[in-house]
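**Q** take a look and give me a structure for this.
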Amino acid sequence: MSVIVAGSLTQRFGSEVGLDGVDVDVDAGEHLAVLGDNGAGKTTLLRILATAARPTSGSLEIFGLNATIERRRLRAVIGFVAHAPGLYPALSARENLEFYCTLHGVDRGRVAEILELVGLAELAGRPADKLSRGAQQRLAIGRAVLHDPKLLVLDEPDASLDSGGADLLARVMRGRTAVLATHDHALANRLCQRTLVLRRGRVVGVPTRLRVVH
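**A** The predicted model follows:
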């Protein structure tokens, strides 16, 4: 069963083309890596897949729903880690998660579980802006899985993580469908079954160790 079915996704920013006819098909439980240089279109694609942006043209179904029309319903089952952590700086790590519990209708009892999962139990009371960049990223990952989403969309989540970051990503991706953008080919090989490589907004090729996405 396909969780994501995207056809000819195109995104334009004025005269600039961010994506140019990209097709994506991701099966349930599959982990897809999106690779490419800066400016290749990775962030644009992932924002569309997370329903944080609408494509200029093309089609996108997620869990069988039209992602343009059903954005509100889909956000209840999608967890998204963007480039910016998206935290409230004056709130503690615990308070940030409690706030998102309220937004998602999640029992606050889950907060302690998530803090333990991402390795921040001992920093739960520290304001987000006093956390290291790596700890902030861990908290952002915790926020993304707080509501137990079926689909994770992760935009270079490893960029600021410490040496244990790959293990954390493996834990949160396990049992979920996931799309991961990264510059790290070794991480992609470790965590993902397939890869899609972008250059200037187009699919151009794949590393040899992974199966091709057409």
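**Q** ok, residue 184 to residue 201 distance?
**A** 21 Å (C-beta to C-beta, to the nearest Å). No exception for glycine: its C-beta is placed from N, CA and C like everyone else's.
**Q** the more surrounded of those two?
**A** Neighbours per residue, other C-beta atoms under 10 Å: of residue 184 and residue 201, the larger number sits with residue 201, 24 against 16.
**Q** check contacts around the more buried one.
**A** Residues near residue 201 by C-beta atoms under 8 Å, 6 or more residues apart in numbering: 11, 17, 18, 19, 20, 22, 40, 41, 44.
**Q** which ones are touching the closest residue to residue 1 other than its chain neighbours?
**A** Leaving aside its sequence neighbours, residue 1 sits nearest to residue 28 (C-beta to C-beta, 6 or more residues apart in numbering; 4.8 Å). Residues counted as contacts of residue 28 (C-beta under 8 Å, 6+ apart) are 1, 2, 3, 177.
**Q** ditto for residue 52
**A** Applying C-beta under 8 Å, 6+ apart to residue 52 gives the contacts 80, 82.
**Q** phi first, then psi, for it.
**A** phi -80, psi -10 (degrees, to the nearest 10).
**Q** check residue 6 too.
**A** When read as degrees, to the nearest 10, the backbone of residue 6 gives phi -120, psi 140.
**Q** any idea which helix or strand carries the spatially closest residue to it that is not a sequence neighbour?
**A** The spatially closest residue to residue 6, leaving aside those adjacent along the chain, is residue 24, at 4.1 Å (C-beta to C-beta, 6+ apart). Here residue 24 sits within strand 16-27, counting by DSSP states H and E.
**Q** coming back round to it: do I have it right that the residue nearest to residue 6 meets residue 3?
**A** No: taking contacts as C-beta atoms under 8 Å, residue 24 lies outside contact range of residue 3: 10.4 Å.
**Q** centre of the chain versus the strand holding residue 24, how much separation?
**A** Put simply, strand 16-27 sits 16 Å off its chain's centre (C-alpha atoms, centre = their mean, to the nearest Å).
**Q** check stretch 22-33 too.
**A** Its chain's C-alpha centre and that of stretch 22-33 lie 12 Å apart, by C-alpha atoms, centre = their mean.
**Q** before we move on, the earlier item: distance of the residue nearest to residue 1 from residue 3?
**A** Residue 28 is 5 Å from residue 3, by C-beta to C-beta.
**Q** between those two, which contacts overlap?
**A** Contact with both residue 28 and residue 3 is made by residues residue 177, according to C-beta under 8 Å, 6+ apart.
**Q** chain neighbours aside, what residue packs nearest to residue 57?
**A** Once flanking residues are discounted, residue 57 sits nearest to residue 10: 4.6 Å by C-beta to C-beta, 6+ apart.
**Q** and the helix or strand harbouring that neighbour with strand 16-27, angle?
**A** Secondary structure from DSSP H and E places residue 10 in strand 2-13. If you take axes from the mean of the first three to the mean of the last three C-alpha atoms, to 10 degrees, strand 2-13 sits at 180 degrees to strand 16-27.
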